[in-house]
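*Asks:* What follows is a predicted protein model with its sequence.
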Amino acid sequence: MLYTPLLQTLFPWVKFKESDPIVNAVYLTFDDGPDPDPTRRIAEILHRFDASATFFVTGKQAEKYPGIVEMLDRENHLICNHSYSHYKSFLPAKKKLIREMDRTQNLLAGIIPSPGGYFRPPHGRISPALKNIAQSRELIVTLWDVFVPDYKPGYPAIKIIQRIEKYSSNGSIILLHDRSKNTDQTGKALPDVIIRLRDSGFTLCKLPTKAAKR
């Protein structure tokens, strides 16, 4: 989903940008992991630059690699819910939404002390059912305002860098991926992304810590 200010008006229950950010803060987010090699490589770069980020993990991958989830949590990143299976349904049934959300939130709660209180639906697909289910669990449905198609094979690092530099503003939530067929380019771009954002006066933060109801 590409962000426009109208979307926030139409869907006030969805977080597209951080509405009360630290001055000149931006928020790097990584979807679909953890994936052993690329997630560790991204975490190493973030550690080198003393930067925190938010990882929206799928339950299926977190179940396979709980040690990586623990590592991300230890290194001061926020770990949040991105469904269990990364379902492809455009409008999944209510029971499926509940199952996907609860299974992953419970799984994360068994791995780390405090999973983040945010839910990112696969493919950015939102619905009235999602609104009600997330709110009943005190999870904030969170998308992005800076869309980067870094998951597309062949999408080059320089375009990742340029797109983030061009569209980021105070409170921006930036969509990236740590599990895709193009993570080598995401990892290659990340140091320059961090440097250029900081040179533009931005602080790189994880989303504000918010504990969800279990």
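*Replies:* Perfect, thanks for sending it. Residues are numbered from 1 along each chain as shown.
*Asks:* Make sure Pro153 is actually in contact with Lys181.
*Replies:* Yes. In this structure, Pro153 is within contact of Lys181 by CB atoms under 8 Å, at 4.7 Å. Placement of C-beta: from N, CA and C, glycine included.
*Asks:* When these two are compared, which one has more neighbours?
*Replies:* Comparing Pro153 with Lys181 by other CB atoms under 10 Å, the one with more neighbours is Lys181, at 12 against 8.
*Asks:* Which positions in the helix or strand bottoming out on mean pLDDT in the chain come out as buried?
*Replies:* None of the helices or strands of the chain scores lower by mean pLDDT, DSSP states H and E than helix 5-10, at a mean of 87. Residues of helix 5-10 classed as buried by neighbour count (16 or more other CB atoms under 10 Å): 7-8.
*Asks:* same deal with stretch 105-125?
*Replies:* Counting neighbours by 16+ other CB under 10 Å, stretch 105-125 gives 105, 107-108, 111-112, 115-122, 124 as buried.
*Asks:* Can I get these in TSV including distance to Phe16, pLDDT and secondary structure?
*Replies:* Listed next are the buried residues of stretch 105-125 as TSV, based on distance: CB to CB, whole Å; pLDDT from 0 to 100; DSSP: H, G, I helix; E, B strand; the rest coil:
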residue	distance to Phe16	pLDDT	secondary structure
Gln105	22	98	helix
Leu107	27	98	helix
Leu108	23	98	helix
Ile111	28	98	coil
Ile112	26	97	coil
Pro115	21	96	coil
Gly116	17	96	strand
Gly117	17	96	coil
Tyr118	12	98	strand
Phe119	14	98	strand
Arg120	11	98	coil
Pro121	13	97	coil
Pro122	17	96	helix
Gly124	10	94	helix
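*Asks:* sorry, back to before: would you tell me what the next helix or strand after the least confident helix or strand of the chain is?
*Replies:* Proceeding N to C from helix 5-10, the next assigned helix or strand is strand 14-15, under DSSP states H and E.
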